[in-house]
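K.L.:
Sequence plus predicted model, see below.
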Amino acid sequence: MRKVDGKLIYSPSDLVVFVRSPFASWMDRYYMENPKAVTPDEDSEEKKLLSETGDQHEHAILEELRGGTPKLVEINKDEGSDPQAATLSAIKTKVPVIFQAALSASEFAGFADFLILDELGRYQIWDTKLARSPKPYYIIQLSCYSEMFAATTGEPLPEKFGVILGTKERVEYRVEDFIHYYRRVKESFLAMQAGFTGNLA
């Protein structure tokens, strides 16, 4: 989470933290509001290694897709660029694969690993995960990206989303099967944020 011009902006990952531990989510907000009051734990060597390995997996999938999709577009996130405008331009021209698509909806914003055009000409959200099997919280993250895709483009929710696991297996889900559960989670998360006082007592 971050503040932009005084407005709180959340990421799909913030919802994942909330699902796994509401207290950790509260502490993330507390630290953002009071950065000098607490010191977050440093990442362990194991966590750093997992992060690096996850980045390598994502890069490997990117190169694999790039090899089979010459028209793949990678969105520039450098300072001074306009990632969302570039994302919308790529979507309008039906680019088959978009890497690091910039999406937003109300209080949420983030970069989806991949938007991939299906055989019917509709985009699906795909995320890379190092795990060998799906985890429940992946559904929350992908549902949020799907909702942001609809808000960013003005199009209906994608019909499906999916995960590319560390084994390179692709696991696909129907958005409609999870969107209502996701929205209840998001409502609870936003209620916690709205009621945040920063009072540790």
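P.N.:
Looks like it came in fine.

K.L.:
where do the helices sit along this protein?
P.N.:
12-20, 22-33, 45-68, 83-92, 136-153, 179-194 (DSSP state H).

K.L.:
Of all the residues in the longest one, which ones are buried?
P.N.:
Buried residues in helix 45-68, counted by 16 or more other C-beta atoms under 10 Å: 57-58, 61-62, 65. Every residue, glycine included, has its C-beta placed from N, CA and C.

K.L.:
Nearest to Ala85, out of these: which one, please.
P.N.:
When those are ranked by distance to Ala85 (C-beta to C-beta), Leu62 comes first, at 21.6 Å.

K.L.:
What distance do you get for the closest residue to that closest one other than its chain neighbours to Leu72?
P.N.:
Nearest residue to Leu62, sequence neighbours excluded (C-beta to C-beta, 6 or more residues apart in numbering): Phe99, at 5.8 Å. As judged by C-beta to C-beta, to the nearest Å, Phe99 and Leu72 stand 7 Å apart.

K.L.:
shared neighbours of the two, which are they?
P.N.:
Shared contacts of Phe99 and Leu72 (C-beta atoms under 8 Å, 6 or more residues apart in numbering): Leu65.

K.L.:
Not counting its neighbours along the chain, what's nearest Phe149?
P.N.:
Per C-beta to C-beta, 6+ apart, closest to Phe149 is Leu103, 5.5 Å.

K.L.:
How many residues are close by the one you found?
P.N.:
27 (other C-beta atoms under 10 Å).

K.L.:
What residues does it make contact with?
P.N.:
By C-beta under 8 Å, 6+ apart, the contact set of Leu103 is 84, 87, 109-112, 145, 148-149, 151-152.

K.L.:
Could you rerun that using 6 Å?
P.N.:
Shown in contact with Leu103 (C-beta atoms under 6 Å, 6 or more residues apart in numbering): 112, 148-149, 152.

K.L.:
rewinding a little: export the buried residues of helix 45-68 to CSV and append columns for distance to Thr197 and pLDDT.
P.N.:
Below are the buried residues of helix 45-68 laid out as CSV (distance: C-beta to C-beta, whole Å; pLDDT from 0 to 100):
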residue, distance to Thr197, pLDDT
His57, 40, 88
Glu58, 38, 91
Ile61, 42, 92
Leu62, 43, 91
Leu65, 46, 90
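
K.L.:
of all these, which comes closest to Asn199?
P.N.:
Nearest to Asn199 among the buried residues of helix 45-68 is Glu58, at 39.2 Å by C-beta to C-beta.

K.L.:
Generate JSON lines for the buried residues of helix 45-68, with distance to Ser133 as supplementary columns.
P.N.:
Listed next are the buried residues of helix 45-68 as JSON lines, based on distance: C-beta to C-beta, whole Å:
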{"residue": "His57", "distance to Ser133": "15"}
{"residue": "Glu58", "distance to Ser133": "18"}
{"residue": "Ile61", "distance to Ser133": "17"}
{"residue": "Leu62", "distance to Ser133": "22"}
{"residue": "Leu65", "distance to Ser133": "22"}
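
K.L.:
coming back round to it: select, out of the helices of the chain, the one closest to Asn76.
P.N.:
With C-beta to C-beta as the measure, helix 83-92 is the member of the helices of the chain nearest Asn76 (6.4 Å).
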